[in-house]
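S.K.: Take a look and give me a structure for this.
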Amino acid sequence: MSDLSDEEAEEEAEAYLGEYDGERNSEGERHGRGKAELPNGDTYEGEYEHSLRNGQGTYRFKTGAYYSGEYLQNKKHGHGTFYYPDGSKYEGSWVDDRRHGYGEYTYANGDTYAGEWFNDNRHGQGTYIYKETGSMYVGGWVNGIQEGEAELIHLNHRYRGKFLDGIPVGRGKYIFDIGCEQHGEYIQSEEDKEEEEKEEEPSLLAAPKWKATEITKLIYWMPNVEKAPSPNEGPPAAAGETAAADEAVEETSADEKDKMQTNPVIDKSAEHRDDMPSLHKVSSEVFSPAKDAEVEDEEIREEENEEGEEYQGTAGLEDEEESEEAE
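M.R.: Residues are numbered from 1 along each chain as shown. Next comes the predicted model:
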């Protein structure tokens, strides 16, 4: 048994957990608003409930990072913003100390992601914008990797199709702002397949190659401008005659439109044009989104665990745990 009295044990625990200035309840627990300075240099200012960080608060780490937002039983939970040491920032939903739900992440290189998160990873539907090129990926994510139906938007064209492990696969199409589309699919060459079969150990799949199947011709748009009648054309037609003429024009236009939809004009001779995008041109810059701070989060958590083991059975143990979360 310890030779320390309850009062002495409490004083020892307070010294171990750092200084605290704030409200307490009748049991002496940190309860209400307060500010704590931990021995490792971290600080917390905000709300407590039964000696646990609970409610709104700001935790500043000695690394320069800080979190401002909601807490639940000593963990980031609810809406909050985390500013990382490298200059990146996450603002959004947190669950059990992890990015979870909807959130927006601004990376150190200027890239941004806005969308769904699951267990600290981009997961679900989201939009990633590449600052350097202005390109944009809009679509599905699985465990931080681009996957599922999506659209990759560039300055003057876009690709629409399916992605797997961060690269396009299967059928899709390129849509150009000049008014035409290139349809085709991403396939693996026979040489790549044979090499993979010969290898004893599995390796990363070679990048699939784009094979165009058809290119729609340009569709020119002409404004419909009515020509004013000249004095030599005589008086305007009667209302009944004008209506009948309009109906005939509309029927002719409708017939032509149906023919175009039923038999679209295809320019197959353009399948191998050099001005059409290749996989290398459109993928090298955008299929590698910036790495978020998930690895850094784990390292900070481990560092906090090493620095902030709490004095069990005391009222101040929560601040020490937060220092273990310092991201």
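S.K.: what sits opposite the residue lying closest to T127 once chain neighbours are set aside in the beta ladder?
M.R.: Ranked by CB to CB, 6 or more residues apart in numbering and with sequence neighbours excluded, the top spatial neighbour of T127 is V138, at 4.9 Å. Using the backbone N, CA and C atoms, a C-beta is placed for each residue, glycine as well. According to DSSP bridges, the partner residues bridging V138 are T127, E151.
S.K.: Run through the stretch 51-200 of the chain and note the low-pLDDT ranges.
M.R.: The model of the stretch 51-200 of the chain has pLDDT under 70 over residues 190-200.
S.K.: quick one, helices of it?
M.R.: Chain-ordered helices for the stretch 51-200 of the chain, with DSSP state H, counting those that start in this stretch as the definition, fall at 190-198.
S.K.: Would you map the strands across it?
M.R.: 52-60, 66-72, 75-83, 89-95, 98-106, 112-118, 121-129, 136-142, 145-153, 157-164, 167-176, 181-187 (DSSP state E, counting those that start in this stretch).
S.K.: Tell me which residues of the fifth one come out buried.
M.R.: I take that to be strand 98-106. Within strand 98-106, the residues that qualify as buried by neighbour count (16 or more other CB atoms under 10 Å) are 98-100, 103-106.
S.K.: Could you export those residues as CSV, including distance to T43?
M.R.: CSV is the format used below for the buried residues of strand 98-106 (distance: CB to CB, whole Å):
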residue, distance to T43
R98, 23
R99, 23
H100, 26
G103, 25
E104, 26
Y105, 25
T106, 24
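S.K.: Could you single out the nearest of those to W210?
M.R.: Using CB to CB, Y105 comes nearest to W210 of the buried residues of strand 98-106, at 30.3 Å.
S.K.: ok, what's across the strand from the closest one?
M.R.: Taking DSSP bridges, one finds Y90, Y113 as the beta-bridge partners of Y105.
S.K.: so who does it touch?
M.R.: The neighbours of Y105, taking CB atoms under 8 Å, 6 or more residues apart in numbering as the test, are 88-90, 92, 99, 112-114, 292.
S.K.: Just the buried subset of those residues, please.
M.R.: 88-90, 92, 99, 112-113, 292.
S.K.: ok, which pair from those residues is furthest apart?
M.R.: Using CB to CB for every pair in the buried ones among the contacts of Y105, the one that comes out farthest apart is R99 and T112, at 14.4 Å.
S.K.: From A207, how far off is H154?
M.R.: H154 sits at a distance of 18 Å from A207 (criterion: CB to CB, to the nearest Å).
S.K.: more neighbours, these two?
M.R.: Here H154 and A207 are set side by side on neighbour count (other CB atoms under 10 Å), and the busier one is H154, at 20 against 16.
S.K.: Not counting its neighbours along the chain, what's nearest that one?
M.R.: Taking CB to CB, 6+ apart as the measure, H154 lies nearest to S135, with 5.2 Å between them; neighbours along the chain are not counted.
S.K.: For I175, see how far away E132 is.
M.R.: When distances are taken as CB to CB, E132 and I175 turn out to be 23 Å apart.
S.K.: next one: N25
M.R.: As defined by CB to CB, N25 lies at a distance of 63 Å from I175.
S.K.: now swap in T58 and tell me
M.R.: When CB to CB is applied, the distance between T58 and I175 equals 46 Å.
S.K.: One more: H79?
M.R.: Distance, H79 to I175, by CB to CB: 37 Å.
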